[in-house]
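Asks: Quick one, structure for this:
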Amino acid sequence: QVQLVESGGGLVQAGGSLRLSCAASGRTFSTYAMGWFRQDPGKERDFVAAISWSGGRTYYADSVKGRFTISRDNAKNTVYLQMNSLKPEDTAVYYCAATKTAWGTSALREYDYWGQGTQVTVSS
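Replies: Just a heads-up that it's a prediction; the model follows:
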């Protein structure tokens with residue numbers, strides 16, 4: 001069992017930056033690949049980024065490539081999402097998730113554990 005708690009969301013102006021954190025409980029964090037997803041009200045939850053269990057591989061949605069960076073610190077049981085050059089269309093609730101797939105995946109159905117989400121609002 002893995003419990004995930006996101007933090008770091010908030011209100012920021014367009015062009016600004018935020019860093020989201022996701023703290024995981026349990027001693028098996030390093031055996032999970034991790035992902036970030038986001039969701040607008042009334043819309044599907046969309047893939048943002050994923051990172052392999054070791055941190056050696058990362059994947060990004062085209063919409064965030066070059067602006068967002070996913071990273072992890074297995075000693076701290078934490079995964080991060082650094083978000084730069086934020087745009088109003090990045091506004092959403094951001095969720096972190098854990099999967100046993102080795103390298104991470106953009107497929108929502110492959111994730112076994114989810115956090116409660118953190119709101120990111122980007123004003124124009």
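Asks: For the rest of this, base every contact and every neighbour count on C-alpha atoms.
Replies: Noted.
Asks: Export stretch 19-35 to PDB, keeping only CA atoms.
Replies: As requested, the backbone C-alpha atoms of stretch 19-35 are provided in PDB (Å, rounded to 0.1, in the frame of the first residue of the first chain):
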ATOM      1  CA  ARG A  19       7.100  23.200  -7.900                       C
ATOM      2  CA  LEU A  20       4.700  20.500  -6.900                       C
ATOM      3  CA  SER A  21       5.800  17.800  -4.500                       C
ATOM      4  CA  CYS A  22       4.300  14.400  -3.800                       C
ATOM      5  CA  ALA A  23       5.300  12.600  -0.600                       C
ATOM      6  CA  ALA A  24       4.800   8.900  -0.400                       C
ATOM      7  CA  SER A  25       4.400   6.700   2.600                       C
ATOM      8  CA  GLY A  26       5.900   3.200   2.900                       C
ATOM      9  CA  ARG A  27       9.300   1.700   2.300                       C
ATOM     10  CA  THR A  28       8.600   0.500  -1.300                       C
ATOM     11  CA  PHE A  29       8.500   3.900  -3.000                       C
ATOM     12  CA  SER A  30      11.700   3.300  -4.900                       C
ATOM     13  CA  THR A  31      10.100   0.200  -6.600                       C
ATOM     14  CA  TYR A  32       7.300   2.300  -8.200                       C
ATOM     15  CA  ALA A  33       7.400   4.500 -11.300                       C
ATOM     16  CA  MET A  34       5.600   7.700 -10.700                       C
ATOM     17  CA  GLY A  35       3.400  10.000 -12.800                       C
END
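Asks: How far does that stretch sit from its chain's centre?
Replies: 10 Å (CA atoms, centre = their mean, to the nearest Å).
Asks: which stretches of this protein form strands?
Replies: Applying DSSP state E to the chain gives strands spanning 4-7, 10-13, 18-24, 33-39, 45-51, 58-60, 68-73, 78-83, 92-99, 113-114, 118-123.
Asks: Rounded mean pLDDT for the longest one, please.
Replies: By that I understand strand 92-99. Taken as a whole, strand 92-99 has a mean pLDDT of 97.
Asks: Parallel or antiparallel, which strands does it pair with?
Replies: strand 33-39 (antiparallel), strand 113-114 (antiparallel), strand 118-123 (antiparallel) (DSSP bridges).
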